[in-house]
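Asker: let me see the structure of the following:
(one chain, ligands or ions: 2)
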Amino acid sequence: MPINLRGRSVLALEDFTPAELRLLLDIAKELKAAKRGGLERPRLSGKNIVLIFEKDSTRTRSGFEVAAYDQGAHVTYMGPSGSHIGQSETVKDTARVLGRMYDAIEFRGFAQADVEVLARYAGVPVYNGLTDESHPTQILADFMTMREFTHKHLSDIRFAFMGDGRNNMARSLAVGAAKIGMHFTIGAPEELWPDEAFRLHVDQIAKTNGASIKFEADAVAAVKGTDFIYTDVWLSMGEDPARWGERIELLRPYQVNAALMAATGNPFTKFMHCLPSFHNAETKMGKDIETRYGVSAMEVSDEVFESPASVVFDQAENRMHTIKAILIATLG
Ligand code: CP
Ligand code: NVA
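Answerer: Numbering: from 1, shown residues only. Ligands and ions are numbered 1, 2, ... in the order given. The predicted structure follows:
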């Protein structure tokens, strides 16, 4: 039976089979080549997509907007203020309103339950553009980038995530790796490991796909032999800024710097980050953290971020191609 994703929502990676995820990656690869070659064909003419952002975004918003425009669709952006959602109108009511006008809904917010309610009541595909729990569209871009920077099959790849092992990125990477049969380690202090229920959950998925998902408190052991080292901010959007001090202390040994890259023992290891990143103190928040805590880079050193091993901007570009693949597969 050929795979058909028409009408499907993208709420979490759990909802997709490994073959469906691979198909989306294949479509994204073709779309990237088509765009580069000036051969792109619009398949979404006349479609209207609403983009709801309860949190800020650069890549996800741009990815959805450019993907839609390239394909002939129209978008409406609703930012953290300016619509009634969650303020004076329930998510369930908003879903039923937007479903009457739009062909699809993208949602970035806090609760995973909200994106699920939208999908249950909108009657059109809903795409999770990040919640506190998961960031599924980012993982597709990451796996697409991995395919571009290694000759290995995805299922032969070893990679490590260093940092807050409970956050949306760590969890989504773990589920994605378990689905695709990869060898993935979360390098984090035990306080920042995901809870046991989640660890059992990914272990179950991993078992059926020949993957291995490990949790390791020793930073050097976590990265040994990896093809990719991935990291993310130490405090995610929506977390209490008062926690910065404690998080910096906990995660300092897990910073991806030249010594940690060398500890892989693999001269070809690439560095990945979903972005945005605190690799210097040149942003408002970066300056503030430097003044308060005396650190000018957090999860990654500026040296590694700017090094030839860094593929972070390829990842960023691939957000658009993979989002486009999702739009075409579910709406086209
Ligand atoms: N990686 C990512 O989701 O970036 P934005 O927050 O800019 O969308
Ligand atoms: N963990 C980060 C990811 C940003 C793309 C956050 O939620 O802020």
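
Asker: for the rest of this, base every contact and every neighbour count on C-alpha atoms.
Answerer: Noted.

Asker: all helices of the stretch 201-332 of the chain, in order?
Answerer: 219-223, 244-251, 258-262, 284-293, 302-305, 312-331 (DSSP state H, counting those that start in this stretch).

Asker: identify whichever of those lies nearest to residue 167.
Answerer: In terms of C-alpha to C-alpha, the element of those nearest to residue 167 is helix 244-251, at 12.6 Å.

Asker: so the one residue in the stretch 1-150 of the chain that gets nearest to ligand 2 is in which element?
Answerer: Of all residues in the stretch 1-150 of the chain, residue 132 sits closest to ligand 2, at 6.1 Å by C-alpha to the nearest ligand atom. According to DSSP states H and E, residue 132 maps onto no helix or strand at all.

Asker: that one - how many residues pack around it?
Answerer: Close neighbours of residue 132, defined as other C-alpha atoms under 10 Å, add up to 18.

Asker: distance of the closest residue to it other than its chain neighbours relative to residue 152?
Answerer: Closest residue to residue 132 apart from its sequence neighbours, by C-alpha to C-alpha, 6 or more residues apart in numbering: residue 110 at 5.1 Å. Distance of residue 110 to residue 152, computed by C-alpha to C-alpha, to the nearest Å: 36 Å.

Asker: do the same with residue 317
Answerer: Counting by C-alpha to C-alpha, the gap from residue 317 to residue 152 is 21 Å.

Asker: quick one: which of these two has more around it?
Answerer: Using other C-alpha under 10 Å, the more surrounded residue of residue 317 and residue 152 is residue 317, with 16 against 13.

Asker: is the closest residue to residue 326 other than its chain neighbours in a helix, a strand, or coil?
Answerer: Of all residues not flanking residue 326 in the chain, residue 24 sits nearest, at 6.6 Å (C-alpha to C-alpha, 6+ apart). What DSSP: H, G, I helix; E, B strand; the rest coil gives for residue 24 is helix.

Asker: ok so, going back, who touches the residue nearest to residue 132 in this structure?
Answerer: 54-55, 130-132, 238 (C-alpha atoms under 8 Å, 6 or more residues apart in numbering).

Asker: what's the neighbour count on residue 19?
Answerer: Neighbour tally, residue 19, other C-alpha under 10 Å: 12.

Asker: next: the one 10 residues further on.
Answerer: When neighbours are counted by other C-alpha under 10 Å, residue 29 registers 19.

Asker: which bits of the stretch 151-300 of the chain sit near ligand 1?
Answerer: Selection of the stretch 151-300 of the chain residues close to ligand 1 by C-alpha under 6 Å from any ligand atom yields 274-275.

Asker: who's in contact with residue 192?
Answerer: Residue 192 touches 164-166, counting by C-alpha under 8 Å, 6+ apart.

Asker: do residue 194 as well
Answerer: With C-alpha under 8 Å, 6+ apart, residue 194 has these contacts: 165-166, 171.

Asker: that's a helix at residue 77, yeah?
Answerer: No - assessed with three-state DSSP, residue 77 is strand; it does not lie in a helix.

Asker: quick thing: my sequence starts at 14, can you match it?
Answerer: Got it, the first residue is 14 from now on, which makes the last one we talked about residue 90.

Asker: I am finished for the moment; much appreciated.
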